[in-house]
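K.L.:
Model the structure of this input:
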Amino acid sequence: MTPDPMPGDRFRTRGQPAALAAVDSMLRTGVPHALLLAGPSGVGKRTLADDIAAALLCTAPDVGERPDRTCRACRALAHGNHPDLHVLAPSGAGQVIPIGGREDRGVRDLVRELALMPVEGGLRVAIIGDADRMTDDAQSAFLKTLEEPPAGTVLILTAADEERLLPTIRSRVIRIRVGPVAKAAVEEILVHAGLADAAAAARLSRLAGGRPGDAVALARAPEAVTIRAEIARTLLDLTRASRADRLRIGRDLLARAGALVAAVRGGAAAGPEDGTTTRNVGGRGRKAAGGSMSSAGAAGADAARRPAGGASDAGEEGSSAGGPAARIPAAERRSAALALIGIWRDVARDLALVAMGDAAAVRGIDLLDDLEAASRTLPGTFAPDQLRRLDVAGERLEGNVSPELVIDALALGWAARVAA
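P.N.:
Take a look at the predicted model:
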């Protein structure tokens with residue numbers, strides 16, 4: 001259940017005035033049959049999708065007061081059991097949305113549901129979260145429904161990388177941009193939800209980089225904040241390590257990233273949903289803008305207790321530095337690698353900011369002294385080069401390259417010191 005909206009506000013979405021204005025206008029004049037909420041992971045796209053669904057299914061007499069959060073439909077939505085709201089999201093080891101017809105629920109299942117009459121006699125709303133994770137076959141199967149949706153149906157898609165959607169899908173939806181949230185708004189979300197005091201909220205907001213979902217996830221898992229700081233500090237030390245040590249430390253960091261993923265997931269399970277996406281952790285795979293912690297599937301809690309160099313679901317064996325061979329589900333290994341790359345990007349970004357003389361904008365403010373010391377011993381091209389390498393690493397993970405090999409390559413290339 002989400003916390004109560006702030007006084008006098010129908011929507012739970014925060015820090016998105018332009019998107020909310022567009023939605024409010026559509027609700028008053030007529031919502032298109034298909035919307036695409038596009039923007040980075042963790043900025044509140046799913047919260048906005050839930051707000052739109054609530055407004056469309058609310059039965060308050062005055063359209064301008066929907067969602068009123070008090071009618072029977074709104075109460076059913078709050079409890080997650082409204083019969084006319086259909087939700088589809090990534091699943092399985094690859095965290096994709098399949099075409100369906102097998103064990104995992106897919107697009108064909110959603111299409112069959114939408115072909116039925118509405119239970120409540122009004123609209124039906126379908127939310128496809130992370131629609132950019134649909135397989136090509138799933139997108140093709142979805143296209144006919146998008147072109148000719150059943151009467152009284154509104155389709156809401158969310159996507160962090162809309163370029164992965166077929167052009168024929170992008171051309172048939174109305175796009176609403178959902179961007180990073182202002183630091184003050186993220187702080188307000190944390191304080192209002194009772195997740196942090198003002199000082200802690202300011203620190204978490206800085207770390208989250210405009211992503212309320214990340215800030216909420218970290219606030220609910222203090223252990224994850226500690227692990228994140230340890231990883232960032234170790235990455236700065238890694239530039240001084242020998243080649244052999246960089247390989248060993250890289251595998252150790254992958255294991256710690258697995259522990260971070262498990263801690264965040266445990267925090268999300270222990271606390272109520274707040275509307276911002278906290279169910280997923282890990283850095284954005286393709287060209288993560290600033291190193292989000294909010295995409296790719298959440299790893300299981302066992303990731304904190306198993307070595308990172310284990311095997312995939314198919315039984316491939318590997319070993320972490322200093323640990324025996326182990327079997328770890330592919331989704332957990334990938335999520336840990338994405339989480340590590342997300343933090344790695346933040347460190348590289350902060351190094352670039354320090355080199356440019358903009359230390360006030362760094363996210364890891366607690367590491368400022370270390371960042372400045374490292375920056376003095378690195379060539380000016382180090383941070384930009386590393387950010388490009390991290391982009392490529394994320395793309396390779398999307399292509400199912402071994403997470404261990406990806407991290408090994410990053411660790412080996414994370415060294416370019418010059419004489420101080």
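K.L.:
Residue ranges in this structure under the pLDDT threshold?
P.N.:
1-8, 93, 102-103, 269-326, 416-420 (pLDDT under 70).
K.L.:
can you list contacts of the lengthiest strand in it?
P.N.:
For the chain, the strand reaching the highest residue count under DSSP state E is reported as strand 153-159. Applying CB atoms under 8 Å, 6 or more residues apart in numbering, the set of residues contacting strand 153-159 from outside is 31-38, 45-46, 49, 52-53, 56, 114, 123-132, 145-146, 149, 165, 169, 173. C-beta coordinates here come from the backbone N, C-alpha and C atoms, glycine included.
K.L.:
Among those residues, which are located in strands?
P.N.:
Short answer: the contacts of strand 153-159 in strands (DSSP E) are 34-38, 124-128.
K.L.:
now those residues: which count as buried?
P.N.:
34-38, 124-128 (16 or more other CB atoms under 10 Å).
K.L.:
among those, which two are most distant?
P.N.:
For these, with distances taken as CB to CB, the pair at the greatest spread is 38 and 124 (22.7 Å).
K.L.:
Nearest residue to residue 175 in space, please, no chain neighbours.
P.N.:
Spatially, and ignoring its direct neighbours in sequence, residue 175 is nearest to residue 36 (4.8 Å; CB to CB, 6 or more residues apart in numbering).
K.L.:
May I have the beta-bridge partners of the one you found?
P.N.:
residue 157, residue 175 (DSSP bridges).
K.L.:
Report the contact partners of it.
P.N.:
Residue 36 makes contacts with 131, 157-159, 162, 165, 170, 173-176, as judged by CB under 8 Å, 6+ apart.
K.L.:
let's go with 7 Å and repeat that
P.N.:
157, 159, 162, 173, 175 (CB atoms under 7 Å, 6 or more residues apart in numbering).
K.L.:
Could I have the PyMOL command that selects the buried members from the residues you listed?
P.N.:
In PyMOL, a selection of the buried entries from the contacts of residue 36 looks like this (16+ other CB under 10 Å):
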select buried, resi 157+159+162+173
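K.L.:
can I get the contacts of residue 36 in a markdown table with distance to residue 60?
P.N.:
Below are the contacts of residue 36 laid out as a markdown table (distance: CB to CB, whole Å):
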| residue | distance to residue 60 |
| --- | --- |
| 157 | 26 |
| 159 | 30 |
| 162 | 33 |
| 173 | 27 |
| 175 | 28 |
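K.L.:
Which of the contacts of residue 36 sits closest to residue 405?
P.N.:
residue 159 (28.1 Å).
K.L.:
And for the closest one, nearest residue in space, chain neighbours not counted?
P.N.:
For residue 159, the spatially nearest residue (CB to CB, 6+ apart) is residue 132, at 4.0 Å.
K.L.:
Next, count neighbours for the one you found.
P.N.:
When neighbours are defined as other CB atoms under 10 Å, residue 132 has 23 of them.
K.L.:
I'd say residue 387 and residue 348 touch.
P.N.:
Yes - between residue 387 and residue 348 there is a contact at 5.0 Å, judged by CB atoms under 7 Å.
K.L.:
Out of the two, name the residue with the larger neighbour count.
P.N.:
residue 348 (22 against 18).
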